[in-house]
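S.K.: Okay, here's the prediction I keep looking at, along with the sequence it came from:
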Amino acid sequence: MKPSKLFISFSLLLLTVFQPSNAAFLKDKKDSFYFKNDKQEIEILVKKLYEWVETKNSNNDFNPLANKKGDKYIGLDLNSHKKRLEELKKTNFFSQQFLDNYNKIALRIDSNLKTKKIEWLEGDLPPFGNDANPWCNCQDYPDNYWKTMTINHLKIENDKASFDWTWSWKGDFKYKVKTVKENGVWKIASLEGFDFNDFTKIY
């Protein structure tokens with residue numbers, strides 16, 4: 001006896017309603033259903049993030065504002081910073097926690113320049129950060145590294161996760177990341193290279 005169309009529809013409805021809370025309910029090209037756990041979702045998030053970082057990112061992090069002579073920076077270009085925040089927000093990769101911290105870093109750098117707690121001459125490296133790319137704490141990297149990056153030491157507790165990632169090059173490189181689930185979606189909560197205290201530290 002063949003199952004009725006009503007029974008099949010009802011079964012699919014139950015499958016949708018009672019899916020596990022830590023899984024994403026998806027449909028592939030063949031209309032078959034499957035689940036992805038939190039670990040897989042986080043791995044996909046990180047790889048998509050770094051594909052964006054290396055292929056679509058404007059890299060307009062903390063653009064400075066020069067004095068009239070053009071020989072010294074006297075603050076940050078806050079209009080450029082607002083546009084940058086919007087760019088980051090539109091990716092849907094970042095949690096509000098990350099965006100707030102990023103904004104806090106910019107405002108501190110701007111204040112330090114305006115009050116002359118730090119000095120930044122035109123042509124010099126920025127007097128903040130660690131002279132490396134904060135997105136990876138690196139100055140060089142493998143081609144298309146997001147395709148082969150691996151996540152290690154993953155710890156998930158409730159709606160928060162922490163881990164580090166590395167790439168295909170040999171060595172002890174690792175980069176720490178925290179994620180948080182917002183409205184059922186994993187997003188970047190913090191990146192090691194954008195730690196507020198380290199990034200804004202005055203030497």
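M.R.: Received, thanks.
S.K.: Where do the helices of this protein begin and end?
M.R.: Using DSSP state H, the helices found in the chain span residues 5-17, 38-55, 78-90, 96-114, 196-199.
S.K.: Including mean pLDDT, could the ones you listed go into JSON lines?
M.R.: Putting the helices of the chain into JSON lines (pLDDT from 0 to 100) gives the following:
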{"stretch": "helix 5-17", "mean pLDDT": "46"}
{"stretch": "helix 38-55", "mean pLDDT": "96"}
{"stretch": "helix 78-90", "mean pLDDT": "98"}
{"stretch": "helix 96-114", "mean pLDDT": "98"}
{"stretch": "helix 196-199", "mean pLDDT": "97"}
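S.K.: center of this protein - which residue?
M.R.: Nearest to the mean C-alpha position of the chain, counting by C-alpha atoms, centre = their mean, stands Ile188 at 4.5 Å.
S.K.: so what's it up against?
M.R.: By C-beta atoms under 8 Å, 6 or more residues apart in numbering, the contact set of Ile188 is 45, 49, 93-95, 98, 177-179. All C-beta atoms are positioned from the backbone trio N, CA, C, and that covers glycine.
S.K.: And Lys178, by the same measure?
M.R.: Taking C-beta under 8 Å, 6+ apart, we find Lys178 in contact with 160-162, 188-190.
S.K.: Select only the buried ones of those in ChimeraX?
M.R.: The following ChimeraX line selects those of these that are buried, judged by 16 or more other C-beta atoms under 10 Å:
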select :161,188,189,190
